[in-house]
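Participant: What follows is a predicted protein model with its sequence.
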Amino acid sequence: MTVVGLDDTDSRERGMCTTYVATEVASRLAEQTDATVERLLLVRLNPAVEHKTRGNAALAIHLGHDQECDPETAFEVARATLEDLAETADDRTNPGLVVAGHAPDEVPDGVSAFTLSAIRDHLSIAEATTLADDHGYRRWGAGNGRGQIGALAAVGAWVALEERDWTHEYISYREPERWGTPRTVDEESVFAAAEEGYPTVWDTVDRAEGETVCVPHTPGPILHGIRGDDPEAVRTVSRSIGSEPVARTQRFVTNQGTDVHLKDGSTLESLAAVRDGRAYRLEGRVAGEPETRQGGHVFFKLVDPANGDISPASSVEATETLTCAAFEPTKRFRDRVRALRVGDRLTVCGEVARGTLKLEKFAVRDLVETERVTPTCESCGRRMKSAGRGQGYRCRDCGTAAETKVDRPLERDLDVGWYEVPPCARRHVAKPLVRGGFDGPTHPER
């Protein structure tokens, strides 16, 4: 068997899509050799790296058992295809190709470890090229060759992620002469198909925002992409959508919707140990009231859960906290964040950039149910006043007294459980709550 990995062929401005290039490579291999294509793998890498297009996807083509395809032939066909289709006129596009002459499940340990690092950390071009050469893989890169990082990661993905769940995406492509023009898609049919396929098929639309999430806005070749847990279900939903003519389709096996990018924050010494450009799952308590700033972005401070006194009156040093943010594109999710109170215990998930965690989801573990308030006089019902430092409280009219503040029940707009950004703001690799498997109640967004 042979595995072909490729990455970084598209451009934010000029279009193209690496999934399309992979589909074309697979088609040419099937036409020009005796190989059969067993599957196409779409691997979402670290969404927080600087040099990426929106989805940071790398692709692998697994050539089947029944017919042999010489790795050298596969390499030449794939390289010619990348040279034909990659948008190298954009100097930020640096395509890469890696071909391995073995089965997908025979990947060496070092290569599978490289894949996990590409999903959760940062890697250099030199690390990729050295490792590929050490294992005798054929490789090629244009520009600065950065695409070889993702290409090698795609080669190792089948082993690196074998014990995790895989999902599916069924992509429909436009006729080439339509690329770069407005898409013609019947939105009513998209919403109807999404309703029929839910919850097996997810993130097709955002009902609250009225947005067809599956239809991109970039100038590339994709018409729409349908994601879900079942290969037949994503195909059925895709075929139920009314649109302009579809030139070709392809189903991908993928790590989308799995949260595989999240690093386990329990291994860190403290919240201060988080690093920019990585995504984490972290435990903490709310250390400051959520604040809405210019632009509609909402921020709050998170402190290590082991910190003792966390209350509106406590003083927590800024160096002990991590800023968390729900930015304006997360829409209604910001109301969930605004409903947090100091002392709530949370699990938060998201990418860290410039010292701020950009929330993808959070779980409420414990809610503050009461607040400390000045006592009320039982005789007249008026609020008492301070009797002086360390002397408690006293009703000036009735003379009644109380030693301390008292607890008053709080009405909360949140329940214990998981909350997430809406589909219109979801990262490709982030796991939707509707997929299940979470350690608490869930409140899915549709």
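Facilitator: Yep, that arrived.

Participant: At which residues are the strands of the stretch 301-446 of the chain located?
Facilitator: Assignment of strands within the stretch 301-446 of the chain using DSSP state E, counting those that start in this stretch yields the ranges 321-326, 345-353, 356-366, 370-373, 385-386, 393-394, 401-402, 406-409, 417-420, 442-443.

Participant: check contacts around Thr81.
Facilitator: In this structure, Thr81 makes contact with 21, 24-25, 28, judged by Cβ atoms under 8 Å, 6 or more residues apart in numbering. Yep, even glycine has a C-beta here, placed from its N, CA and C like the rest.

Participant: what about burial for these, which qualify?
Facilitator: Buried subset of these (neighbour count, 16 or more other Cβ atoms under 10 Å): 21, 24-25, 28.

Participant: Between these, which sits nearest Tyr419?
Facilitator: Val21 (37.1 Å; Cβ to Cβ).

Participant: before we move on, the earlier item: and which of the buried ones among the contacts of Thr81 is nearest to Met384?
Facilitator: Relative to Met384, the closest of these is Val21; by Cβ to Cβ it sits at 72.8 Å.

Participant: pLDDT (mean, whole number) over the strand or helix carrying the closest one?
Facilitator: Val21 belongs to helix 18-32 when assigned by DSSP states H and E. Average pLDDT, helix 18-32: 94.

Participant: same deal with stretch 428-436?
Facilitator: Here the average pLDDT along stretch 428-436 is 97.

Participant: ok, now stretch 101-116?
Facilitator: 96.

Participant: Buried by neighbour count: which residues of it qualify?
Facilitator: 101-104, 107, 111-112, 114-116.

Participant: Identify each buried residue in stretch 334-342, please.
Facilitator: 334, 336-337, 340-342.

Participant: Keeping just the C-alphas, turn that stretch into CSV.
Facilitator: Output of stretch 334-342 as CSV, limited to C-alpha atoms (Å, rounded to 0.1, in the frame of the first residue of the first chain):
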residue,chain,number,x,y,z
ARG,A,334,-21.8,35.7,25.1
ASP,A,335,-25.0,35.8,27.1
ARG,A,336,-24.0,32.5,28.8
VAL,A,337,-20.7,34.1,29.7
ARG,A,338,-22.3,37.3,31.0
ALA,A,339,-24.4,35.1,33.3
LEU,A,340,-21.3,33.8,35.2
ARG,A,341,-20.7,35.0,38.8
VAL,A,342,-17.5,35.3,40.8
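
Participant: Just list the residues touching the closest residue to Val246 other than its chain neighbours, thanks.
Facilitator: Spatial nearest neighbour of Val246, chain neighbours left out: Ser172 (4.6 Å); criterion: Cβ to Cβ, 6 or more residues apart in numbering. Contacts for Ser172 (Cβ under 8 Å, 6+ apart) come out as 222-225, 238, 241, 243, 246, 248-249.

Participant: hang on, the earlier thing: and the next element down the chain from the helix holding Val21?
Facilitator: strand 37-44.

Participant: I'd like the next helix or strand past that next one.
Facilitator: With elements assigned by DSSP H and E, the helix or strand that comes after strand 37-44 is strand 57-63.

Participant: Can you list the strands that that following strand pairs with?
Facilitator: Applying DSSP bridges, strand 57-63 is found paired with strand 3-7 (antiparallel), strand 37-44 (antiparallel).

Participant: So for that strand, mean pLDDT?
Facilitator: Strand 57-63 comes out at a mean pLDDT of 96.

Participant: Can you give the contact residues for it?
Facilitator: So strand 57-63 is contacted by 1-7, 18-19, 21-22, 25-26, 29, 35-45, 69, 74, 78, 104, 118, 150-151, 153-155, 157-158, 252, 428 (Cβ under 8 Å, 6+ apart).

Participant: I'm done for today, thanks for sticking with me.
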